[in-house]
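In: Build me a model:
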Amino acid sequence: MKNLFIYCLRRSIGWLFVPFYALAVRVRHLLYDWGIFKSERADRPTLCIGNLTVGGTGKTPHTEFFIKSLSQWYRVGVVSRGYKRQSRGVVVADANTRAEDIGDEPYQIWMKYKEKISGLSVGSRRIEAIRALLVQHPDTEIVILDDAFQHRALEATAYVLLCDYYRPFYRDFMLPAGDLRDLRSRARQADIVIVSKCPADISEREQREIEKQIRRYTGDKPVFFSTYAYGSVKAVWQGSPPCKSEVVLLSGIATPSLFEKAAASCGFKIKEHLAFADHHNYNDHTLQSVLRSLQKHQGASLLTTEKDFAKIKNMPLWQKQLKDSGCYYLPLQVKWLGASPIQPVLQLLQPA
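Out: Take a look at the predicted model:
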């Protein structure tokens, strides 16, 4: 109740600052529109995947979908900002790269797809990150930009806009009163819109209504709908005992409630959920919280997300303390509710 009060208070006070933030965003876009700030194109076709809001809309799972799909025809490189990494400048991933070097989500992608993609780089200036990637991996044919919708210094070949089903941009408000980091009108930049995190049983009628709302801003751009599908539980470290039916959940993601629903739908009985902020930095203090929870719930296994698994797996102290009792994760992938957007994306990326 206290947290709800603080949240509502912050949002209420936030309205005082919305006009200033919105003005700053508008002026920045105008400076690009008038050519005062310059945009550059990369030497390869680029696919930008992004959103208009802060918080998770599913960019990483959808980036993974496009990696797997486009890799059937092209050598794909990936560029990201590298949010909350501890390094500076441009970093091109290699065999010695750690999560703190490139950020948790790029690290997840690198660990899963380094044999499939040409390479991965991170940098706040995406054009420099692309150039560094191409120097080390000149065989790259297409570059996927993870979270670059607001990065107007780079003009992408094609834009995919993600819209969270539970937090649609057309019902949201600008920061700090709402979660919009960009203007609703910027949705017109999108070539394709994907409504993510939908209920698997969403009706066609509701889909049409959502399309109608989105097209107030995007015109006749195609709209697709996706949900999440979860695979069988996997152990973080080899040699772990089988996962128990009772679990303590551990997550550092934008929407922890979705992880709870996923675990329950897989038949797990949730004893406690240690839910930390998105991109949480796991450390010894976090480990002590986990150990206390497992001590409290004797016989329960620790279950985490695929995103958090990527950070935990290479932490020696965590492995030492948790390997015998077991630590597990739920693999996640995008599932399309209807047609997939891959064919329109392929057409957009074709040379003119």
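In: all strands in the stretch 101-250 of the chain, in order from the N-terminus.
Out: Taking DSSP state E, counting those that start in this stretch as the criterion, the stretch 101-250 of the chain carries its strands at 119-122, 142-146, 158-164, 192-196, 223-230, 234-235, 246-251.
In: Let's have those in JSON lines, adding mean neighbour count and mean pLDDT.
Out: C-betas here are computed from N, CA, C, even on glycine. Below are these laid out as JSON lines (neighbours: other C-beta atoms under 10 Å; pLDDT from 0 to 100):
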{"stretch": "strand 119-122", "mean neighbour count": "28", "mean pLDDT": "98"}
{"stretch": "strand 142-146", "mean neighbour count": "26", "mean pLDDT": "97"}
{"stretch": "strand 158-164", "mean neighbour count": "25", "mean pLDDT": "98"}
{"stretch": "strand 192-196", "mean neighbour count": "23", "mean pLDDT": "98"}
{"stretch": "strand 223-230", "mean neighbour count": "20", "mean pLDDT": "96"}
{"stretch": "strand 234-235", "mean neighbour count": "16", "mean pLDDT": "94"}
{"stretch": "strand 246-251", "mean neighbour count": "22", "mean pLDDT": "96"}
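In: can I get those strands in a markdown table with distance to residue 325?
Out: Converted to a markdown table, the strands of the stretch 101-250 of the chain look like this (distance: least, C-beta to C-beta, whole Å):
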| stretch | distance to residue 325 |
| --- | --- |
| strand 119-122 | 33 |
| strand 142-146 | 34 |
| strand 158-164 | 35 |
| strand 192-196 | 34 |
| strand 223-230 | 22 |
| strand 234-235 | 11 |
| strand 246-251 | 10 |
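In: Pretty sure residue 103 sits against residue 80.
Out: Yes: counting by C-beta atoms under 8 Å, residue 80 is a contact partner of residue 103 at 6.7 Å.
In: what about these two, which has more around it?
Out: A direct count of neighbours by other C-beta atoms under 10 Å for residue 103 and residue 80 places residue 80 higher, at 28 against 23.
In: What about that one? Give its phi and psi, please.
Out: Main-chain torsions, residue 80, degrees, to the nearest 10: phi -140, psi 160.
In: That one bridge partners, please.
Out: Beta-bridge pairing of residue 80 under DSSP bridges involves residue 122, residue 146.
In: show me what contacts it?
Out: Going by C-beta atoms under 8 Å, 6 or more residues apart in numbering, residue 80 touches 102-103, 105-106, 109, 120-122, 129, 145-147.
In: Count the residues that sit near residue 116.
Out: Quick note: residue 116 (other C-beta under 10 Å) scores 11 neighbours.
In: again, but for the one 10 residues further on
Out: A count of nearby residues for residue 126, using other C-beta under 10 Å, gives 27.
In: Excluding chain neighbours, give the residue nearest to it in space.
Out: residue 154 (4.7 Å; C-beta to C-beta, 6 or more residues apart in numbering).
In: Please tell me how far that neighbour sits from residue 127.
Out: 5 Å (C-beta to C-beta, to the nearest Å).
In: Now do the shared contacts for the two.
Out: In contact with both residue 154 and residue 127: 40, 42, using C-beta under 8 Å, 6+ apart.
In: domain assignment for the chain?
Out: Per automatic domain parsing, the structural domains of the chain span 10-74+141-228+336-349, 234-330.
In: Residue 48 - that's part of a strand, no?
Out: Yes: note on residue 48: a strand contains this position according to DSSP: H, G, I helix; E, B strand; the rest coil.
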